[in-house]
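K.L.:
pasted the sequence and its predicted model underneath.
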Amino acid sequence: MWLKHRGLFLDEMIHLEGRCSQAGAQSCMECNCPSLEYQCEDCLGSDLFCSTCVLSAHVCHPLHCLQRWNGEYFERVSLKTLGLHIQLGQVCLNPRCTFNDDFVVIDIHDIHKVSLDFCDCATAESHMQQLLRIMWFPLTTSDLKTAATFHVLKQYHLLSFESKVSAFEFYHALRQMSDNTGLLPVKDRYESFFSIDGTAEGDCAVLCPACPHPGKNLPADWKNGPQQWLYGLFLAIDANFHLKRKVVSNENVDPSLSHGWGYFVEEEGYKSFLHSSTDIIQEKSMCSSHNAVNMANMKTNRGLAATGLGTIDCTRHNMKHPNAVGDLQKGERYINMDYLFFSTLRHSILNTLNVSYDIACQWHKHLWHHMSAFPLPMQLSHAIKTISFFVPKFHLLAHIKQCQTSCSFNFKIGIGRTDGEALECGWANINPVASSIKEMGPGVWQDMLDDYFGDSNWKKVVGLGSTMLWKMKDALPEQEKHCEAFEDLDDGLQGEYGATLKQWREQVKAWERDTAQPNPFERKAQSMYEIMILILIIVCSLYIAAITMASVHLELAKEDQVDLQTGTSLVLHEDCTPSVLISTGLELEEQQQRIKIEKAGLGVHATDNQEGKLLQRSNTLQQRIDAWAKMQELYMLFLAALQVSESAASNNVAAAPEAIKLWLPSQLNRTLSNGKLHYAQAHDALCSLCSNLRAQMAILKYKDRNLHGQGANTRARNTLKAVEMRIDSAASTYKRAHTSLVILAPQVNETGWHTSLQPLDRANIHLMTDVLWGKTEGTRKLSWIWHMQGAGPNEMDDENTFEDMQVEWCKARAQAMRWAEEVDLLQEEMWRVVQFLEWDAQCWTNADKHEGRMAYAKRQGVLH
């Protein structure tokens, strides 16, 4: 659509290079002066004026850019060359020109040379104040030669946040706007521009409105509330080694302007404490080999004043806490992180603390001993507080098994669905500035990062409404889903294991009250002997799993006996009752399925021995089907017509034994079949499925720990392949039984089986402990095959299986509780945000009565 207009656009742009419609004008439209030469680039339109008119029009616009028509083209000219003087002060009787009449103003569009006069009257303000009154920021405090407009400072401020542009890049972009040819001299004021960047410590930090702040957003009686976990403070500790700083300048030459008013700790006290604690030795990690712990003193710091940055954040909302940021001189040492931790806790009097750190398991061991060396105002009364230590969920898998349960967010009360990883996400926003700040002096480095952290906190405050809503929409259905899943599991175990469930509940509650009690979420380590015994138990259980079918056969035989005694029997053959006919048909159907699976897994290069054994089994199956079919014709007279029709459709080609259609009553929607047989068949299939899944897990464990070499691993793979075939066979048998129940249940009045015998999908066939793709420990659900009462009666007596079920029951309970807590925490946080903003607005409303301060306070109050 633009192509047909490109000529027009080009013509108009070239047209603007000349005098446009005024090329033939003879005089100024304002004063009729014949000298018509000047055009303003910043004023609206392209009109030409004389020097007198353009000068008077720009008394209040001294930073506009002018062009002069020299007879052939427009050339740039400044208002200073036309004689414009900028006089500061209202009515000045004693003007004072700047040194050498050389003053530079940095503005959004240009870098201007101006003629500036200060007011030197006796009652005049200082020269710096006079510049600030016209919204020009002096770049030095003595020998004033350069200023930047408030507009350009705001623009750089926002660009540095959004695009991470450095001061060097921004300033030189302004220079190119002044002259992109490089032929004209432009005053170099980069060094001056670069240096720009009764209050208590932490007062300038943007606080998190959703976190608990006593006296600001908590109920008056919050200390006596029944759910104290709702008023817990969530803290996350981490270090960032991208934000380095080289040895440039020092604190005496380049001090910070904030003095601990924002997010950084007060520098003098911090460095003084570190200097007095140089003899403290870093303890080695007793968990996994964490480099952050073991190599803290080995990290190179050659040429670096700071190897990185340590911070304390709000875990749930990813906002920096006041006085919680400090530079790291040599790696992630405990002494640095301890100071930041106790420094920010001076601002809180809460009794419940939930602390997240990727090495929390090691860091907290001697924390209270280390605290005794700190100044008294920084020491914490930890004995009267409830303090829990966690490892972020993503980092947790790198820790030993004990840490994975004792330091997990998933199992402690009052944590909700907090993951502890929010701090890691926040680094992505700040890391792009690393290259532009590493050459800064200590003061500018701190103030620049303080500014970035404040901007990040403010953006999160503004977005809290949508963030909270999104979290609540996610939490509500998850709460319902996980509570329902736990109730299903609990109900499935209640009948047979009611007393055991009561014991499990007491154990997990005892651990929640006191973590020194035995941890019900931990599994006992299994020896090789125990694993071998487990395999034997499971394999043996595969051959006795027919107890359910056997009990149903016995029940049906008793019913046949009663029918014979009462004369109501419908037996058409002395050796085969209807129930025997159907149960034999179900066995034949299962044998067909097994032979299908074995043939599919035989492969192209099967041996003669393998093919011979399979052919013998296939012939035996054919003979059994032929004998059974003769009995079937006695009870199903219409079967002959169906078989003739089927034979004609297949062109009289004989089907393989495993492909022969058995015409069971469930396939014909007839009521001859007894629903009890299919119900028992489904239970047997699930029992076999669960047993084989556990056998598969036990064999894999044994293989990984003990088998080496190609021969041993090949044999193990063959064993696993056989187990997988039995899993597929059990799943197919269950699906057939379930389909038969769906067809026959309405006719034989079988009810109540839908809740325990559900449709079986491939996603349901996995172990208790498996975490499927896309799921986490906190979002996964135990497959329903392990819920069903009696799904595995033989193996539930095994100690290992019993322990697995206890752990999974505890986890399912914890998941349901965490999602319910998440909903409660979100509701509490939403209420706290509203209360905090109302409190903050009231604070601004009651500000100083000075007009300027009051106006600023009113504007802030409206925002909140």
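P.N.:
Right, received. Where do you want to start?

K.L.:
do a quick rundown of the helices in the stretch 651-800 of the chain.
P.N.:
665-668, 675-706, 710-748, 799-845 (DSSP state H, counting those that start in this stretch).

K.L.:
let's have those in CSV, adding mean pLDDT and distance to K438.
P.N.:
C-beta here means a position set from N, CA and C on the backbone, and glycine is covered the same way. Formatted as CSV, the helices of the stretch 651-800 of the chain follow (pLDDT from 0 to 100; distance: least, C-beta to C-beta, whole Å):
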stretch, mean pLDDT, distance to K438
helix 665-668, 54, 76
helix 675-706, 74, 46
helix 710-748, 76, 52
helix 799-845, 87, 35
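
K.L.:
closest to S56 out of those?
P.N.:
Across those, S56 has its closest neighbour in helix 799-845 (42.5 Å, C-beta to C-beta).

K.L.:
for E201, give me its contacts.
P.N.:
Contact partners of E201, counting by C-beta atoms under 8 Å, 6 or more residues apart in numbering, are 259-261, 266, 322-323.

K.L.:
what is the burial count for the spatially closest residue to it that is not a sequence neighbour?
P.N.:
Excluding the flanking residues, the one nearest E201 by C-beta to C-beta, 6 or more residues apart in numbering is G260, at 4.2 Å. Counted with other C-beta atoms under 10 Å, the neighbours of G260 add up to 24.

K.L.:
for the stretch 351-500 of the chain, what spans make up the strands?
P.N.:
352-357, 386-390 (DSSP state E, counting those that start in this stretch).

K.L.:
now those strands in TSV, with mean pLDDT?
P.N.:
Listed next are the strands of the stretch 351-500 of the chain as TSV, based on pLDDT from 0 to 100:
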stretch	mean pLDDT
strand 352-357	94
strand 386-390	93
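
K.L.:
hmm, back to that, so which of the helices of the stretch 651-800 of the chain is nearest M468?
P.N.:
With C-beta to C-beta as the yardstick, what comes closest out of those is helix 799-845 (5.3 Å).

K.L.:
name the element the residue nearest to E201 belongs to?
P.N.:
Using DSSP states H and E, G260 sits within no helix or strand.

K.L.:
surely it and N323 touch.
P.N.:
Yes. In this structure G260 lies within contact range of N323 using C-beta atoms under 8 Å: 5.9 Å.

K.L.:
what do those two both touch?
P.N.:
With C-beta under 8 Å, 6+ apart, G260 and N323 have common neighbours 201-202, 266.

K.L.:
ok so, going back, check the strands of the stretch 351-500 of the chain for me and report the most buried one.
P.N.:
Ranked by mean neighbour count, the strands of the stretch 351-500 of the chain are led by strand 352-357 with a mean of 23 (mean count of other C-beta atoms under 10 Å).

K.L.:
by contact count, what packs against it?
P.N.:
strand 233-240, helix 334-345, strand 386-390 (3 or more C-beta pairs under 8 Å, 6 or more residues apart in numbering; DSSP states H and E).

K.L.:
average model confidence for stretch 35-48?
P.N.:
The pLDDT scores in stretch 35-48 average 84.

K.L.:
can I get the strands of the stretch 351-500 of the chain in TSV with distance to I415?
P.N.:
What follows is the strands of the stretch 351-500 of the chain, written out as TSV (distance: least, C-beta to C-beta, whole Å):
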stretch	distance to I415
strand 352-357	6
strand 386-390	8
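
K.L.:
which one of the ones you listed lies nearest to A236?
P.N.:
Closest among the strands of the stretch 351-500 of the chain, once you apply C-beta to C-beta, is strand 352-357, at 4.5 Å.

K.L.:
just the angle for that closest one relative to strand 233-240, thanks.
P.N.:
Interaxial angle, strand 352-357 versus strand 233-240 (axes from the mean of the first three to the mean of the last three C-alpha atoms, to 10 degrees): 20 degrees.

K.L.:
partner strands of strand 352-357, parallel or antiparallel?
P.N.:
strand 233-240 (parallel), strand 386-390 (parallel) (DSSP bridges).

K.L.:
circling back: which of the helices of the stretch 651-800 of the chain sits most buried?
P.N.:
The most buried one of those (mean count of other C-beta under 10 Å) is helix 675-706, showing a mean of 22.

K.L.:
between the helix or strand where S272 lies and helix 334-345, how big is the angle?
P.N.:
With elements taken from DSSP H and E, the one containing S272 is helix 267-276. Per the same axes, to 10 degrees, the angle that helix 267-276 makes with helix 334-345 is 150 degrees.

K.L.:
understood, closing this out.
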